[in-house]
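Visitor: Below is the structure, and that's it, no one-letter string:
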């Protein structure tokens, strides 16, 4: 089975520009997550989709970040306008819709999209 | 969310067992404990998870303390490929929320 695919793998933009990151989850996975790792910091949760709905977006840093998941398939994360502090690696993960409290919700991560804002 | 405490780093010799501890003293009774690892230049990958009983899979074993306030990930024979940052993640019951802490950076010596 194909894994979680993210692109671009690396994007270099200037401050003030817009960047859109894309994630293709494993087919049939209802849950989709975005995380990011800023240099030297922990992997931080951004948001969680269940199908096309945002289940939890408590980790989104500010309104310059917009995540969408059209039709419950692939997802995009847009940063507009980008700031220097947005540089880091953005990870996407997906999981099946295992029953809550079953512990069986195992995340599969993509390789990440590295964003460099100059 | 349950807080976790892990050593910042550990070293092991190749072919020897490694015990990676995690303290999660604020965990609730129904929170599962998941372990993930991140190899260099890759996304995190699932290792193992459990609730109360010790668990084994092809990658590792998970030993959970009887009071569930701590757990230990056991790699039975460390290889160079096991060099990674290992994360212990208590998953809040009733959610699908995974919060990564600082993790333990494991160095495997040839």
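Guide: Good, I have the coordinates. Source: prediction; values computed, not measured. Residues are numbered from 1 along each chain as shown, chains lettered A, B, ... in the order given.
Visitor: hmm, who's touching the host helix or strand of residue A:54?
Guide: Assignment of secondary structure by DSSP states H and E places residue A:54 within strand A:53-56. For strand A:53-56, contacts defined as Cβ atoms under 8 Å, 6 or more residues apart in numbering or on different chains pick out A:47, A:48, A:49, A:67, B:95, B:96, B:97. C-beta coordinates here come from the backbone N, C-alpha and C atoms, glycine included.
Visitor: Give the helix, strand or coil label for the fifth one.
Guide: Using DSSP: H, G, I helix; E, B strand; the rest coil as the criterion, the local structure at residue B:95 reads coil.
Visitor: does chain B sit close to stretch A:31-43?
Guide: Yes - in terms of Cβ under 8 Å from any Cβ of the partner chain, part of stretch A:31-43 sits within range of chain B, namely A:31, A:33, A:35, A:42, A:43.
Visitor: first vs last residue of that stretch, how far apart are they?
Guide: Counting by Cα to Cα, to the nearest Å, you get 18 Å between the two ends of stretch A:31-43.
Visitor: Please spell out which residues along it are buried.
Guide: A:31, A:32, A:33, A:34, A:35, A:36, A:37, A:38, A:43 (16 or more other Cβ atoms under 10 Å in any protein chain shown).
Visitor: so the last one sits right up against residue A:37, yeah?
Guide: Right, residue A:43. Yes - judged on Cβ atoms under 8 Å, residue A:43 makes contact with residue A:37 at a distance of 4.8 Å.
Visitor: I am finished for the moment; much appreciated.
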